[in-house]
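**Student:** this is a predicted model, with the sequence first.
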Amino acid sequence: MKILADENMPYVQQLFGDLGTIETVNGRELTPEQVQEADVLLVRSVTKVNQALLALNNKLKFVGSATIGTDHIDQEYLASRNIPFSNAPGCNATAVGEFAFIAMLELAQRFNSSLKGKVVGIVGAGNTGTAVAKCLEAYGIEVLLNDPLLQQSGDPRCFVSLDTLIAKCDVISLHVPITQQGEHKTWYLFDEARLNTLAENTWLLNCCRGEVIDNRALIKFKQHRDDVKVVLDVWEGEPNPMEELVPYIEFCTPHIAGYSLEGKARGTYMLYQKLAEVLKLSVSKEMDTLLPKLWSEQLSIAEISSERALLQLARFVYDLRDDDELFRKQFLKSQGFDQMRKNHTHRREFSALKVGNTGQTNVNWLSNLGFSGVEL
Ligand SMILES: NC(=O)C1=CN([C@@H]2O[C@H](COP(=O)(O)OP(=O)(O)OC[C@H]3O[C@@H](n4cnc5c(N)ncnc54)[C@H](O)[C@@H]3O)[C@@H](O)[C@H]2O)C=CC1
Ligand SMILES: O=C(O)C(=O)[C@H](O)COP(=O)(O)O
């Protein structure tokens, strides 16, 4: 069996090695000729899987995408050819949640403000949006949710309209899939008109898909609204963000909010489980055996005395400033955006850090934030 896998997918050899021959490929440049002989195709978000890509292949038994988003997959076409497909829902939700939380702490530090006391609005309350809310609520932040689809489906949480969220929130974090049709389409959800409704001093974060914000309109908006601060992990026209936009953005990253080691491993592992199901094989491998041990056995914390101390702890896990600095140096170089993604050192999730309480004060809330080993 020939298994074609994106070169940026960790643990493919360990999980799929027994099942066939693995060939790794650059997912962004994959051609129909390369796919021709594949029995299994494992991709990430940069590969458009459609009729054009699969035109020469008549033996494909499974397509898997180790991602949450599925906008790069023509699922209708796969179904028409009876090719089973699976993505990896939720695989990197914790990574995105922690990324957005850390970015908010960084904004607070940069603008001599405090995250504590702000109201945060989450647009899209699925896996990633809920993961952000979990971090914020552990830290005692008030969160408002907007998700008309979940609201209509009877989700028992409390929801507000997007207009109310914009009016009431100091911080807005976007977590919707990209959709181009229907009543709740998200393409340019934040267009010029909506950007102009943002309250003074709003912080806006986009960790979902670039086109949820009209990036040209954002440039125009920022030219006269320096009070609004923006964090972008995703960009319209990836891998080529608009050059004029970058100077207006506080923290720039190349679509790596979901790049925790655990998140990527979970993505590959979920595809392994799905392929085993499709091929009727038993699942013989455990995900936990893939990951390196806990990152630090013990970090004893007397107290987190201030938001600054919390940011120090967060930076110990992931220092967003490093990626931002590299992004500004690299994004205009040929392949700069993709090289940064390819070479990204996977950060660990909070759960990889074992935090010990010295008993002097109550730091139990850190376990709600996701850290391991906090004594209760
Ligand atoms: N930057 C990154 O590295 C990553 C980006 N993503 C992106 O984030 C998106 C969301 O991921 P998840 O939360 O896991 O997906 P999910 O499917 O669990 O949740 C998305 C939520 O958005 C809601 N929604 C859809 N249209 C909406 C609208 N117009 N207004 C408000 N809510 C709306 C849906 O009802 C759903 O509850 C993915 O589709 C993907 O595009 C996901 C993972 C990593
Ligand atoms: O899961 C998703 O959806 C994402 O956006 C991915 O985390 C992005 O990573 P790649 O699949 O492009 O490596």
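**Tutor:** Arrived safely, thanks for sending. Remember, it's a predicted structure, so these values are computed and weren't measured experimentally. Numbers count the residues shown, from 1 in each chain. Ligands and ions are numbered 1, 2, ... in the order given.

**Student:** excluding its backbone neighbours, what's nearest E192?
**Tutor:** A217 (3.8 Å; C-beta to C-beta, 6 or more residues apart in numbering). C-betas here are computed from N, CA, C, even on glycine.

**Student:** and the one you found, what does it touch?
**Tutor:** Y188, F190, D191, E192, L195 (C-beta atoms under 8 Å, 6 or more residues apart in numbering).

**Student:** got the contact list for the third one?
**Tutor:** Which is D191. For D191, the contact set (C-beta under 8 Å, 6+ apart) comprises D214, A217.

**Student:** find me the pLDDT at it, would you?
**Tutor:** Listed pLDDT for D191 reads 98.

**Student:** how close does it get to E211?
**Tutor:** The gap separating D191 from E211 is 11 Å, by C-beta to C-beta, to the nearest Å.

**Student:** spell out which parts of the stretch 251-376 of the chain neighbour ligand 2.
**Tutor:** By C-beta under 6 Å from any ligand atom, the residues of the stretch 251-376 of the chain that approach ligand 2 are H255, G258.

**Student:** which parts of the stretch 251-376 of the chain are strands?
**Tutor:** 251-252, 296-301, 353-357 (DSSP state E, counting those that start in this stretch).

**Student:** out of the ones you listed, which gets the lowest mean score?
**Tutor:** strand 296-301 - the lowest mean pLDDT of these, at a mean of 67.

**Student:** so the closest residue to V355 other than its chain neighbours versus G336, what's the distance?
**Tutor:** Counting by C-beta to C-beta, 6+ apart, the nearest residue to V355 once its immediate chain neighbours are dropped is F371, at 4.5 Å. Distance, F371 to G336, by C-beta to C-beta: 34 Å.

**Student:** quick one, helices of the stretch 251-376 of the chain?
**Tutor:** Using DSSP state H, counting those that start in this stretch, the helices of the stretch 251-376 of the chain run over residues 261-279, 307-317, 320-330, 336-342, 365-369.

**Student:** want to try a markdown table for these, with distance to E238 as columns?
**Tutor:** Formatted as a markdown table, these follow (distance: least, C-beta to C-beta, whole Å):
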| stretch | distance to E238 |
| --- | --- |
| helix 261-279 | 18 |
| helix 307-317 | 25 |
| helix 320-330 | 12 |
| helix 336-342 | 7 |
| helix 365-369 | 30 |
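
**Student:** looking at the ones you listed, which has the lowest confidence?
**Tutor:** Here the lowest mean pLDDT among the helices of the stretch 251-376 of the chain goes to helix 365-369, at a mean of 89.

**Student:** packing partners for that one?
**Tutor:** In terms of contacts (3 or more C-beta pairs under 8 Å, 6 or more residues apart in numbering; DSSP states H and E), helix 365-369 is packed against helix 127-138.

**Student:** touching ligand 2 at all, the helix it packs on?
**Tutor:** No - judged by C-beta under 6 Å from any ligand atom, helix 127-138 stays clear of ligand 2, getting no closer than 8.7 Å.

**Student:** right, and the helix or strand after that helix?
**Tutor:** Sequence order places strand 142-146 as the next helix or strand after helix 127-138, per DSSP states H and E.

**Student:** need the contact partners of that next one.
**Tutor:** Residues from elsewhere that reach strand 142-146 (C-beta under 8 Å, 6+ apart): 118-125, 129, 133, 136-137, 157-162, 164-165, 168-169.

**Student:** which among the residues you listed end up buried?
**Tutor:** Among those, the ones that count as buried by 16 or more other C-beta atoms under 10 Å are 118, 120-125, 129, 133, 136, 159-160, 162, 165, 169.

**Student:** which residues touch the residue in the chain positioned nearest to ligand 1?
**Tutor:** Distances between the chain and ligand 1 by C-beta to the nearest ligand atom are smallest at G126, namely 1.8 Å. G126 is in contact with D147, L150, H175, counting by C-beta under 8 Å, 6+ apart.

**Student:** around the first one, how many other residues sit close by?
**Tutor:** In terms of burial, D147 registers 23 neighbours under the definition other C-beta atoms under 10 Å.

**Student:** number the residues from 627 up from this point.
**Tutor:** From this message on, residue numbering opens at 627, which makes the last subject D773.

**Student:** spit out the contact partners of the nearest residue to it once chain neighbours are set aside.
**Tutor:** Excluding the flanking residues, the one nearest D773 by C-beta to C-beta, 6+ apart is A751, at 4.0 Å. A751 sits next to A759, L771, N772, D773, L776, D781, R783, F785, H801 when contact means C-beta under 8 Å, 6+ apart.

**Student:** regarding A751, what is its secondary structure?
**Tutor:** coil (DSSP: H, G, I helix; E, B strand; the rest coil).

**Student:** and the pLDDT for whichever residue of the stretch 877-1002 of the chain sits closest to ligand 2?
**Tutor:** Closest to ligand 2 within the stretch 877-1002 of the chain is G884: 3.2 Å, counting by C-beta to the nearest ligand atom. With respect to pLDDT, G884 has a value of 98.

**Student:** hmm, back to that, tabulate the helices of the stretch 877-1002 of the chain in TSV, adding columns for mean neighbour count and distance to L679.
**Tutor:** Shown next, in TSV, are the helices of the stretch 877-1002 of the chain (neighbours: other C-beta atoms under 10 Å; distance: least, C-beta to C-beta, whole Å):
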stretch	mean neighbour count	distance to L679
helix 887-905	21	18
helix 933-943	17	37
helix 946-956	16	28
helix 962-968	18	18
helix 991-995	18	41
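
**Student:** and the ones you listed: which comes nearest L831?
**Tutor:** Among the helices of the stretch 877-1002 of the chain, helix 946-956 comes nearest to L831, with 11.4 Å by C-beta to C-beta.

**Student:** quick check: phi and psi at L858.
**Tutor:** Note on L858: its backbone torsions stand at phi -120, psi 120 [degrees, to the nearest 10].

**Student:** ok, it - contacts?
**Tutor:** L831, N832, G836, I839, P867, L871, I875, F877, C878, T879.
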